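S.K.: any chance you could fold what I've pasted below:
(chains A and B)
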Amino acid sequence: MNVDMLFRIAGIGILVAVITQLLKQSGRDEMATIAAITGLVIGLLMMVDIIGDLFESVRQVFQLY
Amino acid sequence: MQVFQLVVFALLAASMVMLVRAYRPDIALQVSIIAGLILLIYIVTQMSGVLDSLTSLAERYGIDSAYIGILIKIIGIAYVVQFATDICKDAGESALASKVELGGRVMILAAAVPAAISLLDMVASLLPVGMP
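M.R.: Coordinates of the predicted model:
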């Protein structure tokens, strides 16, 4: 059970929130959107990694095909 | 104790999700999915010992290990499907959640059909031959 993965994704969320706020304040709305999408994609990549881990261990433990 | 580890992790994850949700609800969903995945991986690895002892118990009492295999497979399907259903419900997509649940039921039925067929075969072999 690794807590650092959780902290990492939560940190990404807070960082993306700060960056989008800053970019919106300085009038670059399209850059803010791009930053939000980038944060989302990074989170998705981490998620896919962990989902692969879960499926592997479920397949081993429950002998699913 | 490992229970306290589990509980503390869940509370920490809940507070993280609440913290992030105030600023970015889309990333908060990802945080909650990742926390659920980490918890589920931990629980599944803990469960392998229980399943091993269950299998050895079944072997000791002469139960066919194929049936225990089917049972274990069904438990695995149920856990994975429950996880996906809960995530979909959290994201507000209860229609998707019920579809995933339906798919899980179909998979469980497909896994259980061989056992049901062998039960029917056994009942048919117990009946006297030549029944109409």
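S.K.: spit out the contact partners of the residue nearest the centre of chain B.
M.R.: Central residue of chain B (CA atoms, centre = their mean): B:Y79, 1.7 Å from the mean position. Listed by CB atoms under 8 Å, 6 or more residues apart in numbering or on different chains, the contact set of B:Y79 reads A:V58, A:F62, B:L40, B:V44. For glycine as for every other residue, the C-beta is placed from the backbone atoms N, C-alpha and C.
S.K.: report how many residues lie close to whichever residue of chain A sits closest to chain B.
M.R.: For chain A, the residue positioned closest to chain B under CB to the nearest CB is A:F62, at a distance of 2.8 Å. The number of residues packed near A:F62 is 23, by other CB atoms under 10 Å in any protein chain shown.
S.K.: now swap in B:T55 and tell me
M.R.: By other CB under 10 Å, neighbour count at B:T55 equals 17.
S.K.: for B:S65, see how far away it is.
M.R.: Between B:T55 and B:S65 the distance is 7 Å, computed by CB to CB, to the nearest Å.
S.K.: re earlier: what about the residue nearest to the centre of chain B, which helix or strand?
M.R.: Element membership of B:Y79, judged by DSSP states H and E, is helix B:65-90.
S.K.: circling back to that earlier point, how close does the nearest residue to the residue of chain A closest to chain B once chain neighbours are set aside get to B:G69?
M.R.: Closest residue to A:F62 apart from its sequence neighbours, by CB to CB, 6 or more residues apart in numbering or on different chains: B:G76 at 2.8 Å. Remark: distance between B:G76 and B:G69 (CB to CB) = 11 Å.
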